[in-house]
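[1] coordinates only, sequence not included:
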């Protein structure tokens, strides 16, 4: 196990793949005080550009993000996409939302009722929506919009 230095600032990120002034990406900043985290401030980011700028700003923090960081192995292998994380994310980022939707819809259409979506091993225990879901909530687009920006920020 790798030791991670304690960050002074904790950030919770409620992500949106299509943020607006009315439905922004929400950031909650806090600091750990013993066994509790004290909320210190909140911030609203009305665009993906604002999110990227926030990520690029100097500072040290530890973040929790409400977005997926990967796709189901079954989906990735069936599509013949890279199985290593960094090349997979680079490939996924190169696709348009329409290409993602059409590819995932074709995958689902070829499967029996009740098993349309592939799931990550963590989906059931966490109660998560499948990361390949493109509507209600559009989790696939959240991965597409968020993770490449995190990677680009370093």
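    Sure, I can see it. The structure presented is a predicted model; accordingly, all values stated were derived computationally and were not measured.
[2] Show me the domain layout of this protein.
    The record's domain parsing of the chain by automatic domain parsing lists 10-65, 73-153.
[3] Can you add mean pLDDT and give these back as a markdown table?
    Converted to a markdown table, these look like this (pLDDT from 0 to 100):
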| stretch | mean pLDDT |
| --- | --- |
| domain 10-65 | 96 |
| domain 73-153 | 96 |
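[4] May I see those domains organised as a markdown table, with mean neighbour count added?
    In this view, the C-beta of every residue, glycine as well, is placed from N, C-alpha and C. A markdown table is the format used below for the domains of the chain (neighbours: other Cβ atoms under 10 Å):
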| stretch | mean neighbour count |
| --- | --- |
| domain 10-65 | 14 |
| domain 73-153 | 15 |
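[5] Which helix or strand lies directly C-terminal to the one helix or strand residue 88 maps to?
    With secondary structure defined by DSSP states H and E, residue 88 is part of helix 85-94. Counting by DSSP H and E, the next helix or strand C-terminal to helix 85-94 is helix 97-109.
[6] what's the single longest helix in this protein?
    helix 139-153 (DSSP state H).
[7] Which elements pack onto it?
    Judged by 3 or more Cβ pairs under 8 Å, 6 or more residues apart in numbering; DSSP states H and E, helix 139-153 is in contact with helix 48-56, helix 85-94, helix 97-109.
[8] Direction-wise, compare the last one with helix 139-153 and give the angle.
    Here helix 97-109 runs at an angle of 130 degrees relative to helix 139-153 (axes from the mean of the first three to the mean of the last three Cα atoms, to 10 degrees).
[9] from here on, count from 47
    All set: I'll call the first residue 47, so the last point we hit is now helix 143-155.
[10] Which secondary structure elements does helix 143-155 sit against?
    Contact here means 3+ Cβ pairs under 8 Å, 6+ apart; on that basis helix 143-155 packs against helix 119-125, helix 185-199.
[11] ok, residues contacting that helix?
    121, 124-125, 138, 141, 162-164, 178, 180, 186-187, 190 (Cβ atoms under 8 Å, 6 or more residues apart in numbering).
[12] next one: that helix to chain centre, how far?
    Distance of helix 143-155 from its chain centroid, counting by Cα atoms, centre = their mean, to the nearest Å, is 18 Å.
[13] Name the next helix or strand following it along the chain.
    Immediately after helix 143-155, counting by DSSP H and E, sits helix 169-172.
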